[in-house]
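Visitor: A structural model of the following input is requested.
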Amino acid sequence: MPLDPKIVSLSDTPHTISFVIRKRQQIDNLNELPKDKRPTDDIIWDGTPEEMDEWIERVFSNKYKQSVDIDISDIEE
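Guide: I've put the predicted structure just below:
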């Protein structure tokens, strides 16, 4: 629900309001992650964008992922 029908994008709002809206969106997105994969509050509130990028890269990096192969047979036993 828009705060004002004249506001089309966040760039049409004052900086402080657009910052709060963007930060809230970021926190909502991060809260969708499992608790053990969420960044610390230090990174969210006091960290730099570079620190957040490094954290995201580290968490979602392929070298830390483990794969599981499941063999499904068409033959019923």
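Visitor: any idea where the helices of the chain begin and end?
Guide: 15-30, 41, 49-60 (DSSP state H).
Visitor: what lies in contact with the longest one?
Guide: Which is helix 15-30. Defining contact as CB atoms under 8 Å, 6 or more residues apart in numbering, one finds that helix 15-30 is touched by 10-11, 13, 38-39, 44. The C-beta positions use only the backbone N, C-alpha and C, and glycine is treated the same way.
Visitor: buried residues, that helix. List them.
Guide: Buried positions in helix 15-30, judged by neighbour count with 16 or more other CB atoms under 10 Å: none.
Visitor: and the helices of the chain: which comes nearest E76?
Guide: helix 49-60 (38.5 Å; CB to CB).
Visitor: I'd like to know the average pLDDT value across the closest one.
Guide: The average pLDDT for helix 49-60 rounds to 84.
Visitor: ok now it, how far from the chain's centre?
Guide: Distance, stretch centre to chain centre, for helix 49-60: 10 Å (CA atoms, centre = their mean, to the nearest Å).
Visitor: got it, and stretch 33-46?
Guide: The answer for stretch 33-46 is 9 Å, by CA atoms, centre = their mean.
Visitor: ok, residues contacting it?
Guide: Contacts for stretch 33-46 (CB under 8 Å, 6+ apart): 26-27, 30-31, 47, 51-52, 55, 59.
Visitor: circling back to that earlier point, could you export the helices of the chain as TSV, including distance to D71?
Guide: Output for the helices of the chain, formatted as TSV (distance: least, CB to CB, whole Å):
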stretch	distance to D71
helix 15-30	36
helix 41	43
helix 49-60	27
